[in-house]
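Chemist: For reference, the sequence and a predicted model appear below.
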Amino acid sequence: MTGNSVFQFFSRKMEERLDLGNVSVARMLSEPCSEAVDAEGPRFPLNMRVRDGRSRVVREERNDFLVVEESGKYFGICRSPDVLNPPRLQLILVDHNEAGQAIRALDEADLLEVIDHHRLGNPPTRMPIPFTIDPVGSTSTLITEHILTAGCKPPPKLAGLLLAGILSDTLILKSPTTTPRDKTAALWLGDNFFAGTEGAFPFNDIVSYGNAIQMASTGMAKRKAVEIVTTDLKLYETDSAKFAVAQVEVPNLLEINERLEEIVGEMKDQRKARGLDLFILMVTDVVRDSSRLVMVGETGRLEEMPYTCLPDGTLEAVGVVSRKKQLLPVLLDLLQ
């Protein structure tokens with residue numbers, strides 16, 4: 001119900017009673033509210049981007065629009081000024097800097113800072129911003145260094161989360177991406193975590209904590225195919241190709257054999273939905289430090305990859321565990 005819909009209601013009632021002497025405000029106010037609502041007003045879904053509704057707002061002779069949940073249930077009111085000149089999101093990109101890996105509304109947001117350890121592919125910014133890109137094994141290391149520089153000490157649970165990030169990214173400090181800075185940060189976080197949660201968790205050192213993290217996060221048996229190929233997914237683009245590389249960790253590469261057909265089918269669906277030339281899944285054995293590559297799309301462009309082709313069409317990449325440092329450079333050389 002809007003001011004305009006109430007005005008239209010009164011206008012209709014007055015037209016119905018040509019003898020204005022018989023018009024009673026009290027009588028009109030006793031009418032059901034449903035008589036005075038704007039039942040034709042547009043409804044915008046809650047998850048729709050603001051810019052996608054802008055053209056419709058301009059065409060409508062209304063100022064108020066309903067925002068509804070997926071079920072159609074009322075969520076709130078959006079007014080014309082909010083759509084035509086919306087407040088800008090303020091974002092910090094962490095562990096990524098490429099626009100294709102960020103939220104879809106990045107171009108409508110103010111980018112405040114970037115903290116990352118991947119290759120450069122950053123979007124332009126409106127103003128100069130702090131920009132941290134360092135070749136370390138984990139962005140959690142960079143966050144930890146920011147905490148140290150600020151002279152702060154993280155609460156034990158936050159220290160445990162940051163430590164988990166480092167141990168996961170670096171395969172318990174054994175990945176080729178591991179640097180001395182990662183080890184220093186991990187040791188400092190470990191001291192804060194283990195001392196602050198003594199007795200709360202069955203971990204006494206970094207290795208036991210890292211092993212527990214790997215066991216909790218690896219494996220395909222209980223995961224849907226769509227989760228396997230999209231949970232850890234990175235999108236890349238060169239002058240000649242747009243491709244994605246997903247990675248999943250398993251305790252044994254044999255796990256992929258039973259799910260291969262299902263996974264390939266999901267990868268084909270994802271490739272089509274995302275408009276990709278190639279979709280690659282890197283299945284990494286965290287115990288034996290090796291990977292198998294599953295590929296769909298224009299795979300002929302990758303015939304010169306230095307890995308062994310197996311009878312099922314997957315590639316065996318012995319000793320390859322890092323997407324960023326070992327696999328991506330090979331792909332970029334072939335796809336330039």
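Modeler: Yep, that arrived. For clarity, every value in this text was computed on a predicted model and none was experimentally measured.
Chemist: Against which helices or strands is the helix or strand harbouring residue 264 packed?
Modeler: In the assignment (DSSP states H and E), residue 264 maps to helix 255-274. Here helix 255-274 touches helix 225-230, strand 242-250, strand 278-285, strand 290-297, going by 3 or more CB pairs under 8 Å, 6 or more residues apart in numbering; DSSP states H and E. Where C-beta positions appear, they are placed from N, C-alpha and C, glycine not excepted.
Chemist: Which of the ones you listed has the highest mean neighbour count?
Modeler: Stretch with highest mean neighbour count among the helices and strands packed on helix 255-274: strand 278-285 (a mean of 24; mean count of other CB atoms under 10 Å).
Chemist: give me the number of residues near the residue lying closest to residue 80 once chain neighbours are set aside?
Modeler: Once flanking residues are discounted, residue 80 sits nearest to residue 63: 4.8 Å by CB to CB, 6 or more residues apart in numbering. Applying other CB atoms under 10 Å, we find 14 residues neighbouring residue 63.
Chemist: can you check the one 5 residues further on too?
Modeler: Using other CB under 10 Å, residue 68 has 14 other residues around it.
Chemist: residues contacting it?
Modeler: Residue 68 is in contact with 43, 44, 45, 46, 74, 75, counting by CB atoms under 8 Å, 6 or more residues apart in numbering.
Chemist: in the stretch 151-300 of the chain, which ranges drop under the pLDDT threshold?
Modeler: 218 (pLDDT under 70).
Chemist: Go ahead and confirm residue 212 touches residue 203.
Modeler: Yes: counting by CB atoms under 8 Å, residue 212 touches residue 203, with 6.6 Å between them.
Chemist: These two: which is more packed in?
Modeler: Between residue 212 and residue 203, residue 203 has the larger neighbour count (other CB under 10 Å), namely 19 against 15.
Chemist: do you know how far that one is from residue 126?
Modeler: Relative to residue 126, residue 203 is positioned 45 Å away (criterion: CB to CB, to the nearest Å).
Chemist: And for residue 114?
Modeler: Residue 114 sits 14 Å away from residue 126, going by CB to CB.
Chemist: same thing with residue 72?
Modeler: Taken as CB to CB, the span from residue 72 to residue 126 is 38 Å.
Chemist: wait, what's in contact with the residue nearest to residue 80?
Modeler: 2, 4, 79, 80.
Chemist: Run a quick neighbour tally on the first one.
Modeler: In this case it means residue 2. For residue 2, the neighbour count with other CB under 10 Å is 16.
Chemist: repeat for the last one
Modeler: For residue 80, the neighbour count with other CB under 10 Å is 15.
Chemist: can you pull out the helices in the stretch 1-150 of the chain?
Modeler: Along the stretch 1-150 of the chain, counting by DSSP state H, counting those that start in this stretch, helices occupy 3-16, 25-29, 50-59, 80-84, 139-149.
Chemist: Could I get the contacting residues of residue 122?
Modeler: Counting by CB under 8 Å, 6+ apart, residue 122 makes contact with 93, 97, 98, 99, 114, 131.
Chemist: Recalculate using a threshold of 10 Å.
Modeler: With contact taken as CB atoms under 10 Å, 6 or more residues apart in numbering, residue 122 is in contact with 93, 96, 97, 98, 99, 102, 111, 114, 116, 129, 131, 133.
Chemist: The last one touches residue 98, doesn't it?
Modeler: No: using CB atoms under 10 Å, residue 133 is not in contact with residue 98; the gap is 11.6 Å.
Chemist: Which neighbours do these two have in common?
Modeler: Common contacts of residue 133 and residue 98 (CB under 10 Å, 6+ apart): 116, 118, 119, 120, 122.
Chemist: Rebuild those as TSV, extending it with pLDDT.
Modeler: Compiled in TSV, the shared contacts of residue 133 and residue 98 are given as follows (pLDDT from 0 to 100):
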residue	pLDDT
116	95
118	89
119	86
120	87
122	81
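Chemist: nearest to residue 241, of the contacts of residue 68?
Modeler: Nearest to residue 241 among the contacts of residue 68, counting by CB to CB, is residue 45 at 33.4 Å.
Chemist: what are the bridge partners for that closest one, then?
Modeler: Counting by DSSP bridges, residue 45 forms beta bridges with residue 68.
Chemist: burial of it, as a residue count?
Modeler: Per other CB under 10 Å, the neighbour tally for residue 45 reads 13.
Chemist: List the residues that contact the closest residue to residue 135 other than its chain neighbours.
Modeler: Nearest non-adjacent residue to residue 135, counting by CB to CB, 6+ apart: residue 117, 6.4 Å away. Residues in contact with residue 117 (CB under 10 Å, 6+ apart) are 95-97, 132-142, 169, 177, 179, 182, 324.
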